[in-house]
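Peer 1: Any chance you could fold what I've pasted below:
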Amino acid sequence: MSENDNLLNADGKIELNTSEAPQKNEETKAADESTSEEAKDASETVETSTEETSEKEASNEVETTSEIIKEEITETTEETTVETEAVSEDAIEEVVENTAVEEEVSETKAGADSETSKKADAHVEEIEEANAEDAEDETNAERHELETKDYHAMSMEQLAIELETLIQDKKIQTIKSQVDEIKSEFHSKFGELLDEKKEEFLSEGGNEIDFYFTTPVKKRFNDAYKSYRNTLNAYYKNLETNLKQNLENRLAIIEEIKGLINVEENINTTYKHFKDLQEQWRNAGPIPRDRYNNAWNSYHHHVEVFYDFLHLNRDLRDMDFKHNLDQKTKIIERAEELAADDNINRSFRELQVLHKLWKEELGPVDREHREDIWQRFSNATKTIHDKRQAYYADLDKAHEGNLARKEAIIAKIDDIAKDQPKSHQAWQNKIKAIEALRQDFFNAGKVPIKVNDATWTKFKTAVRNFNRSKNNFYKSLKKDQYDNLHKKQELIKIAEDNKDSDDFETTTSLMKKIQSDWKNIGHVPRKDSDKIWKQFKKACNHYFDRMHEEKNAASKEEMAAFEQKSALLETVKAIELVGKPEKDIETIKEQIHAWKAIGHIPSNKRYIDGKFNKAIDALFGKLDMDKAKLEMIKFENKLETLSKPNDTRLLDNEQNYIRKKIGEIKGEINQLENNMQFFSNVDESNPLVRDVIKNINNHKDNLQTWKDKLRKVKSMY
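Peer 2: Residues are numbered from 1 along each chain as shown. Next up is the predicted model:
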């Protein structure tokens, strides 16, 4: 017989003939699917801090209940095994002879039992579905103990960290609901950010096909989620192999139990074999959840058939029936206690364990008690189920309150978006207000599942409308900002071209001017602001740092030069000329050259140059030589002072001054010569005429001196 044929036996008339917890037929099952799904959805999606505490308490109590009942089951089973040795051969023959009669009675009752099976309710299905899920892996039940946090209020970075922590610290098969919620929240938040960045990109003239955006936290989340999927797939791949083998082992056990009623051997041997098969069944390991209920129903069906086969051996059968009835009664009493407990989630988790014990650890009871005890157990289960549904209904009311708060927040965002301010500062204030409302929205808590997506969409639409208005405003400012960017880039070029200049006197005023111009230029695009400021600041700092270093180094040298010039000045003042012009001129020139060789002095000490010039002039005044020649010697000395390598500005100024003097003297000569025409009939011996003629000759001599100076200046280039 195939695997499917074996499991189908649990779904047909034979199963209905004996099952204590009958399964629904297809019509009844379809009618109750919606109720079961709602209960399942509520179980998976709504958890509070009270639930977290309850899970831990329930875990301890459930383990205690399970251990107590299992110990009693084990003890009674051992006693029953001993009793089987006392069964007589006559009783065995009587059992064999009357088996056919008992089967006819069972068939008569099958119709009534099938009607009972149709009454299986959603509250039982909910328990069996939960146990079937845990059946694949006993550690899977640990998912009920995991804390579910308020992921909606977390940032993307916090969600990525939470995902990494779950993967690292928890068993991979127990964190599915938490991972799914984290993934949903992360994608929602990143989607909102992506929409905002796309709006900005398009508003700046970008082409939609070229848009791309990601963040480091997105990559971090993707890496963590990929790790989760890979680990989970590896876990289920390994689990699948074990589940398949365990299922084959359990089906083989069912086949052996089915064959026991046809074995011609001592009944004690058969019963021991049966008990051994039951122990093998208990230790056979987990099986696929979709085969769990059928496999267990098939197993229990054939266990009951075997007990019916033993029904003539009253002592043997009644001993097992009594033990099972006692233990199932204890389970019922505990279930009824749980039905009165106000801790809903703890009651439900322990009820799961009770159903598992009922189904997996205990066999059938006498037919007269089967319907009654099952109905009593089912009623207690329904009470807990109904209280749990009411509890979730209350949670839904709380979520309705959260919905109202979120609707109010969305309305405020819409109101802010309607106003269109005209200034940058006003928009910045609005942006801060919207950000605060966004945070309030995330902190407002969960809303009913049926409106969750619609509420989120409405929120995103409101924020998107605001962002579009904001982007339109700043788009109108882009042109001015790009003009400002161009102006500041020109200032950056000037700063970088002059940052290594050694002409500190000229360049310093230029650098200060462009710094002032920078402050007067308006805003630039935000994406360029920091970049160009750092570039401009770097060039300016480079120049001024060099200037200050130069000044600090030069200040010491200049003070030393001042000390030298002070000493030289005293030497010049003390010089006594020997009365020989050529030798005295050479002495004076030596002092001038020595003074010039000393170098620069501090600007606040330059008065000493004036003192030196006066001392030199005094020495020249003592020379007994032609004044014109003496003037040229003094002028040559001055030109040496004005002459600088690679800088002709001082010489240029002197040349312009000389040309101006030459023009003035020529004008005066012309004026005097014109005046002489008034004295055409006057003798040159006239004193007035002689003065004019003398004055003209002096101006001509002076003119010649200035022309000589001009030639000398030109020779210095």
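Peer 1: any idea of the mean pLDDT in the helix or strand hosting Phe348?
Peer 2: Phe348 is located in helix 344-360, with elements delineated by DSSP states H and E. Throughout helix 344-360, pLDDT has a mean value of 83.
Peer 1: From the contact counts, what lies against the very next helix or strand once past it?
Peer 2: Per DSSP H and E, the first helix or strand lying C-terminal to helix 344-360 is helix 367-418. Counting contacts by 3 or more CB pairs under 8 Å, 6 or more residues apart in numbering; DSSP states H and E, helix 367-418 packs against helix 26-45, helix 122-135, helix 314-339, helix 344-360, helix 424-443, helix 449-498. In short, each C-beta sits where N, CA and C put it, glycine included.
Peer 1: ok, of the ones you listed, where does mean pLDDT dip lowest?
Peer 2: helix 26-45 - the lowest mean pLDDT of the helices and strands packed on helix 367-418, at a mean of 35.
Peer 1: relative to helix 367-418, how tilted is the helix holding Phe348?
Peer 2: 140 degrees (axes from the mean of the first three to the mean of the last three CA atoms, to 10 degrees).
Peer 1: Who are the packing partners of helix 344-360?
Peer 2: Counting by 3+ CB pairs under 8 Å, 6+ apart, helix 344-360 packs on helix 49-83, helix 122-135, helix 289-309, helix 314-339, helix 367-418.
Peer 1: make it 6 Å
Peer 2: helix 49-83, helix 122-135, helix 314-339, helix 367-418 (3 or more CB pairs under 6 Å, 6 or more residues apart in numbering; DSSP states H and E).
Peer 1: tell me the secondary structure for Gly522?
Peer 2: coil (DSSP: H, G, I helix; E, B strand; the rest coil).
Peer 1: what's the neighbour count on it?
Peer 2: Look at Gly522: counted by other CB atoms under 10 Å, it has 11 neighbours.
Peer 1: again, but for Lys712
Peer 2: For Lys712, using other CB under 10 Å, the count is 16.
Peer 1: So, low pLDDT: which residues of the stretch 1-150 of the chain?
Peer 2: Residue ranges of the stretch 1-150 of the chain with pLDDT under 70: 1-121, 127-128, 130-145, 148.
Peer 1: One more pass at 80, please.
Peer 2: 1-148, 150 (pLDDT under 80).
Peer 1: Could you find the closest non-adjacent residue to His385?
Peer 2: Nearest non-adjacent residue to His385, counting by CB to CB, 6 or more residues apart in numbering: His123, 3.4 Å away.
Peer 1: on that earlier part again, nearest to Met154, out of the helices and strands packed on helix 367-418?
Peer 2: helix 424-443 (8.0 Å; CB to CB).
Peer 1: buried set for that closest one?
Peer 2: 427, 430, 434, 437-438, 441-442 (16 or more other CB atoms under 10 Å).
Peer 1: measure the most centrally placed residue in the chain to Ile167 for me?
Peer 2: By CA atoms, centre = their mean, the chain has its centre lying nearest to Glu157, at 3.0 Å. For Glu157, the distance to Ile167 equals 16 Å [CB to CB, to the nearest Å].
Peer 1: again with Gly599
Peer 2: Gly599 is 74 Å from Ile167, by CB to CB.
Peer 1: Looking at the two, which one has more neighbours?
Peer 2: When Gly599 and Ile167 are compared for neighbours, Ile167 comes out ahead with 17 against 13, by other CB under 10 Å.
Peer 1: For Val447, give me phi and psi.
Peer 2: Here is the backbone geometry of Val447 (degrees, to the nearest 10): phi -120, psi 170.
Peer 1: Let me know the pLDDT of the closest residue to it other than its chain neighbours.
Peer 2: Distances taken as CB to CB, 6+ apart place Leu403 nearest to Val447, at 4.2 Å, with adjacent residues excluded. For Leu403, the pLDDT comes out at 88.
Peer 1: Against Leu437, how distant is Leu403?
Peer 2: On the measure of CB to CB, Leu403 and Leu437 end up 16 Å apart.
Peer 1: cool, Lys605 as well?
Peer 2: For Lys605, the distance to Leu437 - CB to CB - is 68 Å.
Peer 1: swap in Pro448?
Peer 2: Where Leu437 is concerned, Pro448 sits at a distance of 21 Å (CB to CB).
Peer 1: Dihedrals phi and psi, Gly285?
Peer 2: Per degrees, to the nearest 10, the backbone of Gly285 is at phi 90, psi 170.
Peer 1: related to what we said a few turns ago, need the contact partners of the host helix or strand of the residue nearest to the centre of the chain.
Peer 2: According to DSSP H and E, Glu157 maps onto helix 156-169. Residues from elsewhere that reach helix 156-169 (CB atoms under 6 Å, 6 or more residues apart in numbering): 175, 178, 182, 185-186, 189, 217, 220-221, 224, 227-228.
Peer 1: okay, it in CSV with CA atoms only?
Peer 2: Below are the C-alpha coordinates for helix 156-169, written out as CSV (Å, rounded to 0.1, in the frame of the first residue of the first chain):
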residue,chain,number,x,y,z
MET,A,156,16.1,52.2,8.9
GLU,A,157,19.4,51.9,10.7
GLN,A,158,17.7,50.5,13.8
LEU,A,159,15.8,48.0,11.7
ALA,A,160,19.0,46.7,10.1
ILE,A,161,20.7,46.3,13.5
GLU,A,162,17.6,44.5,14.8
LEU,A,163,17.7,42.1,11.9
GLU,A,164,21.4,41.4,12.4
THR,A,165,20.8,40.7,16.1
LEU,A,166,18.0,38.3,15.5
ILE,A,167,20.0,36.3,12.9
GLN,A,168,23.0,36.2,15.3
ASP,A,169,21.2,35.4,18.6
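Peer 1: now it, how far from the centre of its chain.
Peer 2: In terms of CA atoms, centre = their mean, to the nearest Å, the centre of helix 156-169 is set 11 Å apart from its chain centre.
Peer 1: Name the next helix or strand downstream of that helix, please.
Peer 2: Helix 156-169 is succeeded, C-terminally, by helix 176-203 (DSSP H and E).
Peer 1: can you list the weak-confidence ranges in the stretch 551-700 of the chain?
Peer 2: Using pLDDT under 80, the stretch 551-700 of the chain drops low at 551-556, 603, 624-631, 633-634, 636-647, 676-689.
Peer 1: which residues in it form strands?
Peer 2: Ranges of strands within the stretch 551-700 of the chain: none, based on DSSP state E, counting those that start in this stretch.
Peer 1: What segments of it are helices?
Peer 2: 581-598, 607-621, 627-642, 649-676, 687-715 (DSSP state H, counting those that start in this stretch).
Peer 1: is it possible to export those to TSV including distance to Leu325?
Peer 2: Putting the helices of the stretch 551-700 of the chain into TSV (distance: least, CB to CB, whole Å) gives the following:
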stretch	distance to Leu325
helix 581-598	124
helix 607-621	125
helix 627-642	128
helix 649-676	122
helix 687-715	134
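Peer 1: From the contacts of helix 156-169, list the buried ones, please.
Peer 2: For the contacts of helix 156-169, buried by 16+ other CB under 10 Å: 175, 178, 182, 185-186, 189, 217, 220-221, 224, 228.
Peer 1: possible to save those residues as TSV with distance to Lys418 and pLDDT?
Peer 2: As requested, the buried ones among the contacts of helix 156-169 are exported to TSV (distance: CB to CB, whole Å; pLDDT from 0 to 100):
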residue	distance to Lys418	pLDDT
Ile175	44	86
Gln178	39	88
Ile182	35	91
Glu185	29	85
Phe186	31	90
Lys189	25	84
Val217	33	91
Arg220	38	93
Phe221	35	92
Ala224	41	92
Tyr228	43	90
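Peer 1: Noted, bye for now.
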